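Undergrad: Got a predicted structure here, sequence first:
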Amino acid sequence: MSVLRSAALFVLAALLEIGGAWLVWQGVREHKGLLWAAGGVLALGAYGFVATFQPDAHFGRVLAAYGGVFVAGSLLWGVVADGYRPDRWDIAGALICLAGMAVIMYAPRGN
């Protein structure tokens with residue numbers, strides 16, 4: 001599996017997990033109703049399946065690497081959906097997380 005396909009799976013997983021959590025937040029905390037929350041629950045469930053398509057067979061490695069994508073994606077979601085303005089430290093932290101994700105997932109290994 002190519003790095004590009006793997007990265008696309010991480011992006012899809014982030015959209016489903018962050019979007020699902022946002023829908024639950026909107027449904028419950030912003031009082032938009034149970035349909036919003038239910039949509040979020042479905043998206044969160046779908047996220048769990050997407051992660052299984054990563055090429056690495058180690059659950060811990062895939063989820064640890066995904067953490068970096070989640071951090072950056074959450075900040076980006078906040079910008080797009082909620083008008084959040086990240087500062088330079090948010091951006092620096094997200095870039096560090098993405099670099100860590102790349103090392104965890106794509107470093108050459110002997111096996």
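TA: The structure has been received and is ready for your questions. Source: prediction; values computed, not measured.
Undergrad: So which bits of stretch 36-55 are buried?
TA: Residues of stretch 36-55 classed as buried by neighbour count (16 or more other Cβ atoms under 10 Å): 36-37, 39-40, 43-44, 46-47, 50-51, 54. Placement of C-beta: from N, CA and C, glycine included.
Undergrad: same thing with stretch 82-93?
TA: For stretch 82-93, the buried set under the neighbour-count rule, 16+ other Cβ under 10 Å, comprises Asp90.
Undergrad: ok, residues contacting it?
TA: Applying Cβ atoms under 8 Å, 6 or more residues apart in numbering, the set of residues contacting stretch 82-93 from outside is 71, 75, 78-79, 94.
Undergrad: and these, which of them are in helices?
TA: Applying DSSP state H to the contacts of stretch 82-93, the entries found in helices are 71, 75, 78-79, 94.
Undergrad: Report the two of the contacts of stretch 82-93 separated the most.
TA: The distance between the two most remote of the contacts of stretch 82-93 (Cβ to Cβ) is 13.5 Å, for Val71 and Val79.
Undergrad: neighbour-wise, which of those two wins?
TA: Each of Val71 and Val79 had its neighbours counted (other Cβ atoms under 10 Å), and the higher figure belongs to Val71 (20 against 13).
Undergrad: so who does the more buried one touch?
TA: Residues touching Val71, when contacts are defined by Cβ under 8 Å, 6+ apart, comprise 93-94, 97-98.
Undergrad: Could you export those as TSV, including distance to Val24?
TA: TSV is the format used below for the contacts of Val71 (distance: Cβ to Cβ, whole Å):
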residue	distance to Val24
Gly93	25
Ala94	23
Cys97	23
Leu98	25
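Undergrad: Can you tell me which of the residues you listed is nearest Ser6?
TA: Taking Cβ to Cβ as the measure, Ser6 lies nearest Leu98 of the contacts of Val71, at 13.6 Å.
Undergrad: Surely that closest one touches Tyr66?
TA: No. Leu98 is not in contact with Tyr66 according to Cβ atoms under 8 Å; the separation is 11.3 Å.
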